[in-house]
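Peer 1: Pasting the sequence and the predicted model now:
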Amino acid sequence: MASRFILNLILILEVAVFVITLETDEVGKVKKNGGGACKKQDEKTFHECLKKGYKSGIEECESAENMPDLKPKYAKKCAALEKKLSKCRFDCRDKPPMSPAELLATCSHSDIQFLGTSIFHRLYTSVEECVQDCSKSESCKAITYNTFSKVCYFKSVEGGSPGPDPEEGYISTNMHCDRSGVDLRCQRKDFAYSGADIMNYRSSSFEACALLCRDTENCRAVSYREYDGQCWLKSQRGGSTGPYHSAGYRAMNMECDSDPVIIDSGCVREGIYFYSADLRSLAVADLQECAEHCRETESCKSISFRDSDHQCFLKSKLGGYYPRVSEGYSSLNMNCNGSEVSNLDCMRSGFTYPGADKGNLVVSSQEECARHCTDTEGCKSITFRASDSRCYLKSKRGGDTGPTPAEGHDSMNMVMECDNSPVRNLDCIRSDTNFPGADLRNLIVEEKEECVRHCRDTELCKAMVFRVSNNKTVCYLKSRRGGSTVPVVAEGYESMNMECDNSKVSNMKCLREGLVFGGADIGNTVVADERECVKLCRDTEGCLSFTFRLSDNRCYAKNRRGGTSGPSLDRNYNSMNMECDNSPVTETMKCLRQGLSFPGYDLIQIVVADVEECIRHCRDTELCQSLTFQESSHRCYLKSRRGGSSGPTVSPGYSSLNLECDNSKPEQLKCSTLDEKFAGHEMRHVAVSHLEECLRRCRDTEGCQAVSFRETDNVCEMKSAKFEWWKIRNHYKSVNMDCSN
């Protein structure tokens with residue numbers, strides 16, 4: 001315990017050395033003596049502005065092209081940052097990296113270790129050498145060096161996963177750090193943030209606590225207890241549930257907006273309480289302060305304020321779960337649209353949308369009902385009951401199953417503009433055809449056009465069936481094009497998809513005679529010929545191919561090109577993909593690897609005339625990525641993985657190829673490291689003539705990310721993982737496939 005106390009004291013004194021060099025100005029902003037340095041976080045945020053298309057007047061600052069217009073609030077934030085950075089002479093041009101000695105002098109912590117997120121450890125004679133190697137890797141963000149054992153730990157996260165931890169004999173540093181002054185305008189006295197803790201420990205001051213947050217990746221906020229210097233690092237702005245009153249504490253988000261919250265009066269809902277979805281409640285002066293606390297809390301989207309005791313309720317959803325009429329409450333979404341409701345022409349009189357209810361409340365009008373839906377996260381439609389002015393908020397367009405006639409009810413979709421245009425797609429009707437299954441609901445309609453309009457209004461509706469019964473037209477709304485299986489002949493029925501293809505069948509060159517595509521069946525029915533089978537596949541959701549049986553004209557619709565595993569020979573069948581590639585295989589033949597087989601990952605085998613025919617079968621099969629051809633038997637093996645299970649194997653009398661390959665000279669040759677071996681992650685060992693061939697074998701093998709080549713016997717070791725660190729081994733050359741020099 002005593003040694004732990006000493007180490008904590010060392011941490012306090014270490015950070016205090018830096019904090020002593022700071023001075024506080026009149027508004028409580030801590031800055032470095034001499035001033036003028038731009039804050040790294042401001043620079044980082046401004047670069048994000050440029051990436052999103054913000055146009056800057058600062059020299060050399062280029063913004064991304066063809067980006068959507070920035071929201072006014074975000075553009076205002078970027079403009080304020082630009083003005084701030086101009087004062088500290090910000091320069092967009094890349095800065096030269098610091099040397100290891102400079103980095104350690106600026107960013108390192110003595111007697112501190114960064115816990116967790118280690119990607120590698122290795123012996124180094126000095127911490128400078130460790131820093132030098134870490135700086136070469138994109139994934140290495142920080143290091144911890146043990147001065148006693150000389151072991152250095154490379155970290156994938158700045159500050160490690162739980163942040164800095166006192167430990168004697170360690171030196172730790174991030175590869176980048178921000179040592180500019182801490183802006184204290186964001187601090188909240190006598191408040192603490194609950195939850196979202198990364199780590200806690202003692203700190204010499206509130207400013208030092210904030211600096212340690214900067215050094216910890218994903219730290220967004222801090223809470224600090226003044227009487228004992230306890231510092232809590234937080235992974236969310238405002239913690240997980242927002243601020244609460246606590247004397248003797250200080251809390252701060254590392255980024256904040258100190259301007260007053262501008263409340264749009266058109267967004268305030270008087271006499272309404274946003275039910276549930278509570279983060280927390282706290283006493284505040286007024287609605288304005290309540291909104292400011294919400295803005296500081298990452299998870300907060302809306303608020304409710306109770307007049308009687310000035311209680312502020314922070315909410316994690318827009319509108320809570322749903323709004324309730326509650327006297328003495330005011331509620332507000334932090335982002336809202338206060339404009340008037342303008343789409344009441346979408347209202348469907350005399351219909352209710354059953355199911356998908358979020359909540360209900362009594363309102364004064366249909367317009368107010370629509371506003372409450374706009375306010376409520378996930379609300380997509382409404383039903384208004386005139387008898388008692390009750391408003392039902394719905395989570396789906398058209399409710400669960402679509403509109404139902406109901407006197408005294410009016411319903412409307414909110415999420416998308418409704419389509420009141422004339423019905424023009426009745427040419428999609430299929431006479432004497434039924435789309436079986438996939439029913440949402442059925443209702444009586446005056447005409448087919450009315451059924452189409454009901455389908456338009458229903459989120460899940462993609463098709464419909466009409467049937468005349470007792471001189472009335474029954475409309476069946478369907479959730480899948482073509483129903484649950486395939487369209488079938490049914491006298492007296494008419495069926496229709498909301499979208500269809502009535503163009504002339506022109507892709508019969510894709511027909512493969514004498515072949516069957518096994519498996520992947522959606523359904524089957526009897527049709528006149530292969531062309532009718534094409535039309536049936538067009539009308540069936542998910543249909544990508546079919547097999548036609550000549551003996552009885554039965555059409556089997558398939559949900560994969562080539563079926564489950566590719567074609568099989570059978571003279572009684574013809575098969576076809578809806579899209580195919582009939583181009584010459586000349587270019588693909590350049591990928592042929594003679595004398596090699598790709599073992600494993602077989603889809604199917606079939607006897608063919610030559611390699612060219614084998615290639616065409618692979619093209620026709622959705623899962624096929626490579627093949628092996630046995631010359632003696634003309635047997636074609638289709639494979640679902642490039643290079644088979646583990647890469648090429650020397651096999652006289654076989655030829656193999658991937659449908660896509662790279663025959664260029666391996667650029668990785670310039671990246672090879674001499675006398676280094678990548679350990680583990682073996683896929684296959686194979687004898688080759690030289691390193692270049694080893695690289696080509698890896699390139700042909702799916703999942704191969706690196707190689708080690710043993711020069712003594714020309715053994716190529718293919719690896720399933722990329723390596724950043726390795727072992728010293730004489731007579732080895734190693735290289736990552738995605739290396740760059």
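Peer 2: Looks like it came in fine.
Peer 1: any chance you could map the helices in the stretch 401-550 of the chain?
Peer 2: Using DSSP state H, counting those that start in this stretch, the helices of the stretch 401-550 of the chain run over 448-457, 530-538.
Peer 1: try the stretch 101-250 of the chain
Peer 2: Under DSSP H, counting those that start in this stretch, the stretch 101-250 of the chain gives helices at 127-134, 206-214.
Peer 1: Please render the ones you listed as TSV that adds mean pLDDT, distance to A406 and mean neighbour count to the earlier fields.
Peer 2: Glycine gets a C-beta too; all of them are placed from N, C-alpha and C. Putting these into TSV (pLDDT from 0 to 100; distance: least, C-beta to C-beta, whole Å; neighbours: other C-beta atoms under 10 Å) gives the following:
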stretch	mean pLDDT	distance to A406	mean neighbour count
helix 127-134	91	68	20
helix 206-214	89	57	24
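Peer 1: Now distance to E59 too, for those, in TSV please.
Peer 2: TSV is the format used below for these (distance: least, C-beta to C-beta, whole Å):
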stretch	distance to E59
helix 127-134	32
helix 206-214	28
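Peer 1: Of all those helices, which one comes closest to E513?
Peer 2: E513 sits nearest to helix 127-134 of all those, at 62.5 Å, using C-beta to C-beta.
Peer 1: How about G319: what's its closest non-neighbour residue?
Peer 2: Closest residue to G319 apart from its sequence neighbours, by C-beta to C-beta, 6 or more residues apart in numbering: T376 at 3.6 Å.
Peer 1: which residues does the one you found contact?
Peer 2: By C-beta atoms under 8 Å, 6 or more residues apart in numbering, the contact set of T376 is 318-320, 322-323, 358-359, 393.
Peer 1: what's the pLDDT at it?
Peer 2: pLDDT recorded at T376 is 94.
Peer 1: quick revisit: quick one, which of the helices of the stretch 101-250 of the chain is nearest to A490?
Peer 2: In terms of C-beta to C-beta, the element of these nearest to A490 is helix 206-214, at 68.7 Å.
Peer 1: So which other helices or strands are in contact with the closest one?
Peer 2: Contact here means 3 or more C-beta pairs under 8 Å, 6 or more residues apart in numbering; DSSP states H and E; on that basis helix 206-214 packs against helix 2-20, strand 221-225, strand 230-234, strand 243-253.
Peer 1: mind running it again at 7 Å?
Peer 2: For helix 206-214, the elements it packs on are helix 2-20, strand 221-225, strand 230-234, judged by 3 or more C-beta pairs under 7 Å, 6 or more residues apart in numbering; DSSP states H and E.
Peer 1: quick one: it to chain centroid distance?
Peer 2: Mean-position distance between helix 206-214 and its chain equals 31 Å (C-alpha atoms, centre = their mean, to the nearest Å).
Peer 1: Ok, stretch 238-253 next?
Peer 2: On the basis of C-alpha atoms, centre = their mean, stretch 238-253 sits 31 Å off its chain's mean C-alpha point.
Peer 1: SS state for C618?
Peer 2: Secondary structure state of C618, per DSSP: H, G, I helix; E, B strand; the rest coil, is helix.
Peer 1: doesn't L638 make contact with it?
Peer 2: Yes. Using C-beta atoms under 7 Å, C618 is in contact with L638, at 5.4 Å.
Peer 1: overlap in contacts of the two?
Peer 2: 624, 627 (C-beta atoms under 7 Å, 6 or more residues apart in numbering).
Peer 1: show me the residues around the residue lying closest to R642 once chain neighbours are set aside that make contact.
Peer 2: Sequence neighbours aside, E702 is the residue nearest to R642 in space, at 3.8 Å (criterion: C-beta to C-beta, 6+ apart). Contacts for E702 (C-beta under 7 Å, 6+ apart) come out as 641-643.
Peer 1: rewinding a little: which of the contacts of T376 are buried?
Peer 2: For these, a burial check counting by 16 or more other C-beta atoms under 10 Å picks out 318-320, 322-323, 358-359, 393.
Peer 1: As CSV, the residues you listed with distance to T125, secondary structure and pLDDT would be great.
Peer 2: Output for these, formatted as CSV (distance: C-beta to C-beta, whole Å; DSSP: H, G, I helix; E, B strand; the rest coil; pLDDT from 0 to 100):
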residue, distance to T125, secondary structure, pLDDT
L318, 58, coil, 95
G319, 62, coil, 94
G320, 61, coil, 95
Y322, 66, strand, 93
P323, 67, strand, 95
K358, 65, strand, 95
G359, 68, strand, 94
L393, 68, strand, 96
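Peer 1: For the residues you listed, which two are the farthest from each other?
Peer 2: Spatial extent of the buried ones among the contacts of T376 (C-beta to C-beta) is set by the pair L318 and G359 at 13.2 Å.
Peer 1: And for stretch 646-664, what's in contact with it?
Peer 2: Contacts to stretch 646-664, defined as C-beta under 7 Å, 6+ apart, come from residues 588, 590-600, 611, 618, 625-632, 642-643, 683-684, 697, 699-701, 704, 718.
Peer 1: From A80, how far out is the residue nearest to G319?
Peer 2: According to C-beta to C-beta, to the nearest Å, T376 stands 32 Å off from A80.
Peer 1: do the same with V151
Peer 2: Separation of V151 from A80 (C-beta to C-beta): 46 Å.
Peer 1: Could you do T588 as well?
Peer 2: Distance, T588 to A80, using C-beta to C-beta: 57 Å.
Peer 1: okay, now N577: neighbour count?
Peer 2: By other C-beta atoms under 10 Å, the residues close to N577 number 24.
Peer 1: Against R635, how distant is it?
Peer 2: Using C-beta to C-beta, N577 is found at 23 Å from R635.
Peer 1: and if you look at G159?
Peer 2: Remark: distance between G159 and R635 (C-beta to C-beta) = 58 Å.
Peer 1: of those two, who's got more company?
Peer 2: G159 (32 against 15).
Peer 1: Specify the local secondary structure of A79.
Peer 2: Here A79 is recorded as helix under three-state DSSP.
Peer 1: S258 too?
Peer 2: Assignment for S258 (three-state DSSP): coil.
Peer 1: residue contacts, it?
Peer 2: In this structure, S258 makes contact with 185-186, judged by C-beta under 7 Å, 6+ apart.
Peer 1: Which stretches in the stretch 401-550 of the chain count as strands?
Peer 2: Secondary structure of the stretch 401-550 of the chain by DSSP state E, counting those that start in this stretch: the strands cover 404-413, 429-434, 439-445, 463-469, 472-478, 488-497, 511-517, 521-526, 545-549.
Peer 1: right, and the ones you listed - which one's nearest R295?
Peer 2: Closest to R295 of those is strand 404-413 (C-beta to C-beta; 31.6 Å).
Peer 1: Would you indicate which residues of the closest one are buried?
Peer 2: For strand 404-413, a neighbour-count test (16+ other C-beta under 10 Å) marks 404, 409-413 as buried.
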